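Student: Here is my input; please provide its structure:
(one chain, ligands or ions: 1)
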Amino acid sequence: MRVIRKSTYEEASMACAELIASQIRLKPDCKIGLATGSTPVGTYKALVDMYKAGSLDFSKVTSANLDEYRGLGGDHDQSYRYFMNTNLFDHVNIDKNKTYVPNGLEADAEKACTDYDKILESLGHLDIQLLGIGGDGHIGFNEPADAFCVNTQCIDLEEQTIKDNARLFFNGDMSAVPTQAYTMGIGYIMKSETVILMATGAGKKDIVEKAFCGPVTPYVPASILQLHPNVVVIGDEAAISDAVVAAAK
Ligand code: GLP
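Tutor: From the prediction side, this is the model:
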């Protein structure tokens, strides 16, 4: 595990964008797993700036997103497809046909999950998977559970997750947040060549420490990343404690 701790959110975002950009420059047809939430917004902005400055080309990149709310279509302004379009895809030269997000409008949950797994299988492993971390340690929308879930699943969101997501999105209205989501499984996340977990802000400090310094347990889903051979934790001083820096090997 590598830890990159920066003073500010902006610097952490730039460091994260640089890692992703290096991967794209090294392997223009790379496959990248993308995340939503407030944390990666600065990273996406930095990637857009690099593209606009002519130093980055997304034309051969394929992307697969972690998750989508069940019941929301891509034109719903709180859907994750919409988030990706407005924060990244609409501003760079990526081929949208090669950007994958679970289909939130597929009402048959089993079908939605197997359809997404088929797509992921056809992609093979990803070169980089970008992750944020939920307040309860979830990655994607893999919430704390009795076991790590391998494949794409339909998940009932925890109350804390619904609250957290309403705070920043859905105009603060908890009742508007869908209660279920489709999420890439932890098995596929772990297959990625490199995993970048980004965490910023004091609110993430305890959970990041639990995830990387505590026991590996499905009750803290991000803790499985301790077993990944190539994980990079990027964050600001507020979120990354000395214990996490010391845990880096
Ligand atoms: C949501 C997303 C996660 C994300 C998490 C944290 O639950 N499904 O992928 O990591 O929010 O969000 P934020 O970055 O806003 O703290």
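
Student: ok, then the element right after the helix or strand bottoming out on mean pLDDT in the chain?
Tutor: Counting by mean pLDDT, DSSP states H and E, the weakest-scoring helix or strand in the chain turns out to be helix 159-168, with a mean of 90. Per DSSP states H and E, helix 159-168 leads on to strand 180-183 as the next helix or strand towards the C-terminus.

Student: Briefly note if that next one comes near the ligand.
Tutor: No. Using C-beta under 6 Å from any ligand atom, we find that strand 180-183 stays clear of the ligand, coming within 7.0 Å at best. In short, each C-beta sits where N, CA and C put it, glycine included.

Student: Sort out which residues of that strand are buried, please.
Tutor: 181-183 (16 or more other C-beta atoms under 10 Å).

Student: now swap in stretch 147-156 and tell me
Tutor: Under the neighbour-count criterion of 16+ other C-beta under 10 Å, stretch 147-156 has 148-149, 152-155 buried.

Student: In terms of helices and strands, where is the closest residue in space to Val150 that isn't next to it in sequence?
Tutor: Of all residues not flanking Val150 in the chain, Gly187 sits nearest, at 3.4 Å (C-beta to C-beta, 6 or more residues apart in numbering). Assigned by DSSP H and E, Gly187 belongs to helix 186-191.

Student: hmm, that helix touching the ligand?
Tutor: No. Using C-beta under 6 Å from any ligand atom, we find that helix 186-191 stays clear of the ligand, coming within 10.6 Å at best.

Student: Now do the helix or strand following that helix: which elements does it pack against?
Tutor: Using DSSP H and E, the next helix or strand after helix 186-191 towards the C-terminus is strand 194-199. Judged by 3 or more C-beta pairs under 8 Å, 6 or more residues apart in numbering; DSSP states H and E, strand 194-199 is in contact with helix 9-26, strand 128-131, helix 205-213, strand 231-236.

Student: who touches the second one?
Tutor: Around strand 128-131, the neighbours that count as contacts under C-beta atoms under 8 Å, 6 or more residues apart in numbering are 16, 19-20, 23, 30, 32-35, 40, 43, 66, 139-140, 189, 192-198, 222, 225.

Student: Just the buried residues of the host helix or strand of Ser122, please?
Tutor: Secondary structure assignment for Ser122, by DSSP H and E: helix 109-123. Of all the residues in helix 109-123, those buried under the rule 16+ other C-beta under 10 Å are 112-113, 115-117, 120, 123.
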